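Participant: Prediction below, plus the sequence it came from.
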Amino acid sequence: MDAATKGAEVAHEEHHDEAHDQNYLQYEPGIWNWLTTKDHKKIGIMYAVSLALVFLVAGVLAIMVRTELVSQGETIMDADTYNQVFTMHGILMVFLFLVPSIPAILGNFVLPLQIGAKDVAFPRLNLASWYVYMIGAIMTCAALYFGGVDTGWTFYTPYSSSTGGGVIWMTSAIFVSGFASIFTGLNFIVTIHKMRAPGMTWNRLPLFVWGLYATSIVQVLATPVIGITMLLLILERTMGIGIFDPALGGDPVLFQHFFWFYSHPAVYIMILPAFGVLSELIATFSRQRIFGYRAIALSSVAIAMLGFLVWGHHMFVSGQSAISSIIFSLITYLIGIPSGIKVFNWVATMYRGSIWLQTPMLYALSFLFLFTIGGFTGIMVGVLAVDVHLHDTYYVVGHFHYVMMGGSVMALLGGMHYWWPKITGRMYNETLGKIAVFLIFVGFNATFFSQLVLGAKGMPRRYYDYVDRFEALHQISTYGSYVLALGLFIVLFYGVYSMFFGPKAPANPWAAATLEWTNVAALPDPHNFVRTPLVTRGPYDFHLADEVFGSGDGVGDGQAASLDVPEPAPAAPEPSEEAPQNA
Amino acid sequence: MATDTTTDTPAAPAQTEVDLHDEEHLSHLQHHFVSSEQQFDSAKLGMWLFLITEVLLFSGMFVAYAVFRQWHPETFAAASQTLDWQLGGLNTVVLLASSFTIALAIHFIQKGEAMKSFWLQVGTIALAGVFLVVKYFEYTSKFEHGVFPGAMFDPHGVAHGVDYGALASYAYAPQFFSIYFVMTGIHGFHVVVGMILIGWIASRTYRGHFSSEYYTHIELSGLYWHLVDLVWIFLFPLLYLV
Ligand code: HEM
Ligand SMILES: [Cu+2]
């Protein structure tokens, strides 16, 4: 048993009360209690289950898309069905999975723990966020029932103001689920400002918290704009208000401006929390103080701000003025700088660290590799002349999958593995974990690198058919996607297995130094901390980390015997009324 | 839940057991906050953030307004003439007055005079009602002459010296009225929400839930109401007076 577990247990013993031995999962069990819980940890889990379902559905749709494309002509579905399938894949993945994903699951679970709080600032709003999200999900089902959507996830007018029966439902769903996103963002900003434990200064915030903070700013500032855009689109369809539809005197390019004013910042809603997760993983598994803490923290905020100024790079060929294209292109290059700063800092953190190649770290390394490709291809399509050739081809598809799947989803998976012991109290199977990462990494590259090549050769996106010369690459891509899917199913399998049969996790299996590991029991107390911690050091001060520490060889699942576990932070002074309770 | 007025001692923070909840804490202090101040500050910051999202929601519509006005200034000038600036002006005064009453309501609850605060809240709701009634008459006088948003736009007739029929000759007049109805409609929706909100707060004030120590809800509703007012302050000149 390591020091931290002992520490937590001692704390428990001192603390004589019927809450003794209680953890948040045993506390108030039963379906009704879950559905009305205000515990941020449980809400995080409810989000995890819902989002996992969405991810599964959207993933199956992706496999259908790839299977259709495995050979020329009609393979398993006709062109109209294909349009609906890729549209639903995109909408589900972007709006209902990736935008909420890391903040709603890991953010909810980890944020209050990391800053030493008992909960988020507005627990009821937090629960409301989940319900609003679910209403959005139900409306999405309604959209399918009422004729489906075939506009692509971008809903460009005029097509979207005339096609299909499901568009109104779908856009309403996005309008509604936008509120879920706003609630989460608002809650996190207030939580980070007002709920930090004594001693948790801004310079001691774990970088995951900084990432969530930057994300929340974008959520609060950008989401209302997609809200009003969707509302105007709904009114366009129901009342013909003529703002976006050229047939009625409206301007379709205005729609594109509105849409991307949200949706470019939205890509940062997806990637900024991933940056945060990555900082945690790299620091913990390199046993090093993070290199350039401030640079990483502030570059997130810089990206959040700059991200509002580049939406026009999606519209280089829309007929916007050449001047605006040039300006948007230049600012797009600028975004590369803070992104690059981060990558360099992570690499520098690993340099001379004691790198421990556990599954979460393997995801982090995959992220570094894949996100870098994604970023570079982003710069490529940000170049005006090059983009004229690459726009609306598979190159763009490849680009955004490298950043969204290779970036955000890899970080989410890494984060899920990393915090899994804290969430479930159990260890997953490390060997299967490593096999799955390997399959996912290989499968991912086979799927999407081939798409970059396809795009460069001129294969346009959103078609269910193609000419001869593209067949081989499409096949590589499809078979790659099967490997990728296999990897993900293995994760699903051992994840579920470990929930029931996994070995019990110690309180700090990774010997991490942030509060959720050092000062919280293996399975957190219903109110997180038995004693509010008093923070006296930065988040990555690995105590005695300079000591030679085993590479992890010979360390089996869940055994962290050879690690020097950082000590828990001391408890904050008790308020005077409680003095009689103290020894 | 009795009102407890011994608020200034921060309540027990570190101990968070279930059995501690309601007995030892102040009745309004939620368990995850350390003190009333922290709870109040959080609520206020949350409200400000919410107001920012509201501003952004409206700014999307203001952008649409700006773009179409930039392209078709003559249409906007002509169409704007058909709006009744006197009614619009009246409503501006009404809303400003309501902002004043809600501000006073906050002032009095801070001084512990709950009943005065209650009546001022009721007054605010009444003024909001007046606003909506005026708006109703404005809308119906437009509908009577076929001035609908968007596709159903079919202006005809003359009333009070306003020649609606002449609007038909302006190519983008429907866009002006789409924007007019959407913006004022969404604003009107906010007025209704505000009335419900203040109604709920007023009933709680009446039942003695608030005091000079604890009046977060009143203050936050006031903030919201000022925003509703502020949006109208922009809408009025842009739509009625261009
Ligand atoms: C280094 C930073 C990045 C740069 C310079 C960049 C640049 C671009 C450009 C110029 C386009 C438009 C290409 C076109 O349509 O012709 C684009 C598309 C896209 N990017 Fe990025 N990007 C970056 C990072 C990201 C990130 C982090 C994400 C998401 C997590 C992302 C998601 C997307 C998506 C979804 C599209 C395609 C939208 C569509 O048309 O369906 N990008 N990117
Ligand atoms: Cu973009």
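Facilitator: Received the coordinates, thanks. Residues are numbered from 1 along each chain as shown, chains lettered A, B, ... in the order given. Ligands and ions are numbered 1, 2, ... in the order given.
Participant: pretty sure residue A:537 is touching residue A:204, no?
Facilitator: Yes: counting by Cβ atoms under 8 Å, residue A:537 touches residue A:204, with 7.3 Å between them. (Each C-beta comes from the backbone N, C-alpha and C, glycine too.)
Participant: what's the burial count for residue A:31?
Facilitator: 7 (other Cβ atoms under 10 Å in any protein chain shown).
Participant: What pLDDT does the model give it?
Facilitator: Predicted confidence (pLDDT) for residue A:31: 90.
Participant: how far away is it from ligand 1?
Facilitator: Shown here: residue A:31 relative to ligand 1, a distance of 35 Å by Cβ to the nearest ligand atom, to the nearest Å.
Participant: Quick one: the strands in chain B, in order.
Facilitator: B:158-159, B:162-163 (DSSP state E).
Participant: Out of those, indicate the one that is most buried.
Facilitator: strand B:162-163 (a mean of 16; mean count of other Cβ atoms under 10 Å in any protein chain shown).
Participant: Residues touching it, excluding its own?
Facilitator: Strand B:162-163 has contacts (Cβ atoms under 8 Å, 6 or more residues apart in numbering or on different chains) with B:81-82.
Participant: what does the stretch 51-200 of chain A have sitting close to ligand 1?
Facilitator: Within reach of ligand 1 by Cβ under 6 Å from any ligand atom, the stretch 51-200 of chain A has these residues: residue A:154.
Participant: any chance you could read off phi and psi for the residue of the stretch 51-200 of chain A found nearest ligand 1?
Facilitator: Per Cβ to the nearest ligand atom, residue A:154 is where the stretch 51-200 of chain A lies closest to ligand 1, at 5.7 Å. For residue A:154, the backbone dihedrals (degrees, to the nearest 10) come out as phi -90, psi -10.
Participant: Out of the strands of chain B, which gets nearest to ligand 1?
Facilitator: Comparing the strands of chain B by Cβ to the nearest ligand atom, strand B:162-163 comes nearest, at 46.2 Å.
Participant: isn't the residue of the stretch 51-200 of chain A closest to ligand 1 right next to residue A:262, touching?
Facilitator: No: between residue A:154 and residue A:262 there is no contact under Cβ under 8 Å: 11.0 Å.
Participant: burial of residue A:220, as a residue count?
Facilitator: Neighbours of residue A:220 (other Cβ under 10 Å): 22.
Participant: ok, and the closest non-adjacent residue to it?
Facilitator: Spatially, and ignoring its direct neighbours in sequence, residue A:220 is nearest to residue A:185 (4.6 Å; Cβ to Cβ, 6 or more residues apart in numbering or on different chains).
Participant: Residue A:222 is in contact with that neighbour, correct?
Facilitator: No: when contacts are counted by Cβ under 8 Å, residue A:185 is not listed as touching residue A:222 (9.4 Å).
Participant: Overlap of the contact sets of those two?
Facilitator: Between them, residue A:185 and residue A:222 share no contacting residue, judged by Cβ under 8 Å, 6+ apart.
Participant: who touches the residue of the stretch 451-583 of chain A found nearest ligand 1 in this structure?
Facilitator: Scanning the stretch 451-583 of chain A for the residue nearest ligand 1 gives residue A:461, at 7.9 Å (criterion: Cβ to the nearest ligand atom). Contacts for residue A:461 were tallied using Cβ under 8 Å, 6+ apart; they are A:392-394, A:396-397, A:455.
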